[in-house]
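Asker: Give me the fold of what follows.
(one chain, ligands or ions: 1)
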Amino acid sequence: MTYSNLVFPDIKHLVEKLHFNPEEGKIWLAEQRTVLMGLGALSSFRKEIITTLGMARAKGFFMRLGYYSGMRDAELAKKLNPDADPDQAFLTGPQLHCLRGMVKVIPLALEYDPAKKHFYAEFEWVDSFEVEICRMSLGQLDEPACWMLLGYACAYSSYFTGLDIQFREVECRGQGDQHCRIVGKVASEWPDHEEFSHLFREAPLIDELYELQSRIADLEQSLGYPENLPKAIGEAPPFTSALEMIDRGANAEVTMLLIGETGTGKEVLARRVHSMSSRKDGPFVAVNCAAIPPELIESELFGVEKGAFTGATQSRKGDLRGLMLELFF
Ligand SMILES: [Zn+2]
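Answerer: Next up, the predicted model:
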């Protein structure tokens, strides 16, 4: 059916479904619990999402928010108009947008023929809440700004008709046009319908982060950075020059003596040398020599045979036995 002079049904039948129950802290629109929220909070939230995710991701994020709302309102529209003509019942969606205070919708054209699977619609949006929140925090955009409203229109029309419908906002006051105007058609009639449909798919950032983490690990490995390199943190010139010297020596066949006060990080640096050396696949043995009595240090390090001295009741390997090619701290 084609309408040349589209007129909405009386909105009274929808207003009657709106119930405020402040004693219980609830607002109901038919069976949907709903909330009142000021534009100031939404405006700040949109700005934060754009800052966090970038403009393209934020657009998809808000379009999906509108999409979920449109899906539910399509169910609601069918329930509220069980006996109405499908094309009359369809107009409940744009009227719900008006009732929710999101935008004033002026229908310009609607051609909906379920038998022929034909759909074409044009609506003008007046005083879109999204144009207003963009003005509050973002200023004029260089693309249409009514993302949630557009997502809603796509989902509502698709779920109501059972066809895959896509809308485009062909004019938007958010980008400096005189009006906001949308055009809806069966998706396949839009040349860019596949690319557009990606906006409605979830795009979890976490998968990308894991992939990037994996790529960084591969790159580090190909650059020869040892895995789990012990962290030596410091900016003082004497420290950084000592660190450079230690790193240079780690791959060389040299003896290295690290000295310093207790707690200055000798073991951290020793572990770093081990991790960067050709002996990194062998064991790292830390021995606190100061805790070993002088008369026992030889047996502790190099082992002892049973009966070698009083108290040596059995043979025992020392900490350094078999580690002569490894690193000893
Ligand atoms: Zn707009």
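
Asker: first vs last residue of stretch 126-144, how far apart are they?
Answerer: Terminal residues of stretch 126-144 are spaced 14 Å apart (Cα to Cα, to the nearest Å).

Asker: Okay, strands next: where are they in the stretch 1-150 of the chain?
Answerer: For the stretch 1-150 of the chain, applying DSSP state E, counting those that start in this stretch gives strands covering 2-3, 18-21, 26-29, 32-34, 104-113, 118-126.

Asker: and the last one, what other elements does it pack with?
Answerer: Identification of packing neighbours for strand 118-126 by 3 or more Cβ pairs under 8 Å, 6 or more residues apart in numbering; DSSP states H and E yields strand 104-113, helix 147-161, strand 180-186. Quick note: C-beta positions are derived from backbone N, CA and C, even for glycine.

Asker: So in that sheet, which strands flank that strand, and in what orientation?
Answerer: strand 104-113 (antiparallel), strand 180-186 (antiparallel) (DSSP bridges).

Asker: Which residues of the chain lie near the ion?
Answerer: 128, 146, 172, 174, 180 (Cβ under 5 Å from the ion).

Asker: Would you list the buried entries among the residues you listed?
Answerer: 128, 146, 172, 174, 180 (16 or more other Cβ atoms under 10 Å).

Asker: Straight-line length of stretch 157-168, end to end?
Answerer: Note: stretch 157-168 ends 13 Å apart using Cα to Cα.

Asker: Residue 192 and the ion: what is the separation?
Answerer: Counting by Cβ to the ion, to the nearest Å, the separation of residue 192 from the ion is 19 Å.

Asker: what's the burial count for that residue?
Answerer: Neighbour count for residue 192, taken as other Cβ atoms under 10 Å: 10.

Asker: So for it, what's the pLDDT?
Answerer: Residue 192 carries a pLDDT value of 94.

Asker: Save the residues of the chain next to the ion as JSON lines, and put in pLDDT too.
Answerer: Output for those, formatted as JSON lines (pLDDT from 0 to 100):
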{"residue": "128", "pLDDT": "96"}
{"residue": "146", "pLDDT": "96"}
{"residue": "172", "pLDDT": "97"}
{"residue": "174", "pLDDT": "93"}
{"residue": "180", "pLDDT": "96"}
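
Asker: out of those, who's nearest residue 48?
Answerer: residue 174 (18.2 Å; Cβ to Cβ).

Asker: Tell me who's in contact with the closest residue in space to the closest one that isn't next to it in sequence.
Answerer: Among residues not flanking residue 174 along the chain, residue 145 sits closest, at 2.6 Å (Cβ to Cβ, 6 or more residues apart in numbering). Residues near residue 145 by Cβ atoms under 8 Å, 6 or more residues apart in numbering: 128, 130-131, 134, 138, 172-175.

Asker: returning to what we had before: okay, the strands of the stretch 1-150 of the chain, which one's buried deepest?
Answerer: Among those, strand 118-126 has the highest mean neighbour count (mean count of other Cβ atoms under 10 Å), at a mean of 19.

Asker: Just want the angle from that one to helix 147-161.
Answerer: 150 degrees (axes from the mean of the first three to the mean of the last three Cα atoms, to 10 degrees).

Asker: what's next to strand 118-126, contact-wise?
Answerer: Here strand 118-126 has contacts from 94, 103-113, 146, 149, 153, 157, 161, 163, 165, 167, 179-186, using Cβ under 8 Å, 6+ apart.

Asker: Apply 6 Å and report the result again.
Answerer: Here strand 118-126 makes contact (Cβ atoms under 6 Å, 6 or more residues apart in numbering) with 103-112, 161, 163, 165, 179-186.
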